[in-house]
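> Structure for the following, please:
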Amino acid sequence: MPAVQRQATARHYLMCEPVHYTVSYEINPWMDKTRYTDVELALRQWRTLRDTYLELGHTVDTIDPLPGLPDMVYAANGATVVDGVVYSAAFRHPERQPEGPAYEKWFADRGFVTHTAERTNEGEGDLLTVGDVVLAGTGFRTERAAHAEAQELFGRPVVSLHLVDPRYYHLDTALAVLSSDAGDPQIAYYPPAFSPGSRAVLRTMFPDAVIATDTDAAALGLNAVSDGKNVVVAPGATDLAAQLRERGWEPIPVDTSELLKGGGGAKCCTLEIRR
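From the prediction side, this is the model:
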């Protein structure tokens, strides 16, 4: 059977160059302060990721990196933007808390409507827009009360999903949005990262979802970025790439292995600005 013909849509992304990147603290299982981090390699990988988006026809803005905030490179955690409305991040760990106001200021300075979060949430790390719905992770970082706050702000249904594996501490490490088209929303996910009830919800909502293998998940393959056709994915997620290709998507491997030392891949580095 021929693969479905997928359609790419031009996207608008915000990224932050990893000028100050290092692993100086440990707040997720991927981080190890004793491992050497190569800033020059991280910069090259980040620039390749940015250039990939530009070559695909997307718009990429950048926010200035701030000293003392090595994780600011993970721009997806900085906010959630839906219909031009910005829900600022309020980080759980003190080391990252200054990032929220920095990202909120970037948006406010450019005329966006911003909402300062009252509840702990870590931006698109745990709030992923799929069609007319927002899938919302909880369990490690974002508190469930933030899901209600996001629903009131965006006026869209928010579906809470409970994460249970600390390796997949953000929703965007365990689930990738492949198509955000309201008429045909599509995702890929790793079932063991979710509670039984959340797995049942995902099966009901997305019966045709792409299911990632253990190897895909361990490569942080689900920390992927899709424009509806092209999917930027970790090179190690070979099974996932094969499944995507069979279903009509075009996997584009981009190596972000140095940034993986901080617990993030392509999606973590990419905040989508939805107007």
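
> going forward, measure contacts and count neighbours with C-alpha atoms only.
Will do.

> And the contacts of stretch 40-57?
Stretch 40-57 is contacted from outside by 10-11, 15, 17-19, 21, 59-60, 254-256, 258-259, 266, using CA atoms under 8 Å, 6 or more residues apart in numbering.

> from the residues you listed, which two are the most distant?
The two members of those with the most space between them (CA to CA) are Ala10 and Tyr21, at 28.8 Å.

> hang on, the earlier thing: show me just the buried residues among the contacts of stretch 40-57.
Those of the contacts of stretch 40-57 that meet the buried threshold are 11, 15, 17-19, 21, 59-60, 254-256, 258-259, 266, by 16 or more other CA atoms under 10 Å.

> The closest residue to Pro192 other than its chain neighbours: what's it in contact with?
With sequence-adjacent residues excluded and distances taken as CA to CA, 6 or more residues apart in numbering, Pro192 is closest to Asp165, at 7.5 Å. By CA under 8 Å, 6+ apart, the contact set of Asp165 is Pro192, Ala193, Phe194.

> Reformat the residues you listed as JSON lines; add secondary structure and neighbour count.
Output for the contacts of Asp165, formatted as JSON lines (DSSP: H, G, I helix; E, B strand; the rest coil; neighbours: other CA atoms under 10 Å):
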{"residue": "Pro192", "secondary structure": "helix", "neighbour count": "17"}
{"residue": "Ala193", "secondary structure": "helix", "neighbour count": "23"}
{"residue": "Phe194", "secondary structure": "strand", "neighbour count": "24"}
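
> Make TSV from the residues you listed and add pLDDT and distance to Val82 to it.
Supplementary listing: the contacts of Asp165 in TSV, determined by pLDDT from 0 to 100; distance: CA to CA, whole Å:
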residue	pLDDT	distance to Val82
Pro192	99	29
Ala193	99	26
Phe194	99	25
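
> And these, which is closest to Gly155?
Phe194 (25.4 Å).

> so the closest one touches Leu163, yeah?
Yes. Counting by CA atoms under 8 Å, Phe194 touches Leu163, with 4.6 Å between them.

> where does the residue nearest to Pro235 when sequence neighbours are not counted land on pLDDT?
In space, and not counting its chain neighbours, Pro235 is closest to Pro253: 4.8 Å by CA to CA, 6+ apart. Note on Pro253: pLDDT of 99.

> who does Pro253 bridge with?
Beta bridges link Pro253 to Val233 when assigned by DSSP bridges.

> Go ahead and confirm it touches Thr238.
No. Pro253 lies out of contact with Thr238 (CA under 8 Å); the separation is 9.2 Å.

> just checking, Arg203 is part of a helix?
Yes. Counting by DSSP: H, G, I helix; E, B strand; the rest coil, Arg203 falls inside a helix.

> so who does it touch?
Ala209.

> measure it to Ile211 for me?
10 Å (CA to CA, to the nearest Å).

> next one: Ala266
From Ala266 over to Ile211 (counting by CA to CA), the distance is 19 Å.

> Over to Gln243?
9 Å.

> just the strands in the stretch 1-150 of the chain please.
For the stretch 1-150 of the chain, the strands defined by DSSP state E, counting those that start in this stretch occupy 12-15, 59-62, 79-82, 85-88, 113-115, 127-130, 133-138.

> Packing partners of the first one?
Right, the one you point to is strand 12-15. strand 59-62, strand 271-272 (3 or more CA pairs under 8 Å, 6 or more residues apart in numbering; DSSP states H and E).

> In the sheet, which strands lie alongside that strand, parallel or antiparallel?
strand 59-62 (parallel), strand 271-272 (antiparallel).

> now the ones you listed in CSV, with mean pLDDT and distance to Arg119?
Listed next are the strands paired with strand 12-15 as CSV, based on pLDDT from 0 to 100; distance: least, CA to CA, whole Å:
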stretch, mean pLDDT, distance to Arg119
strand 59-62, 99, 26
strand 271-272, 99, 20
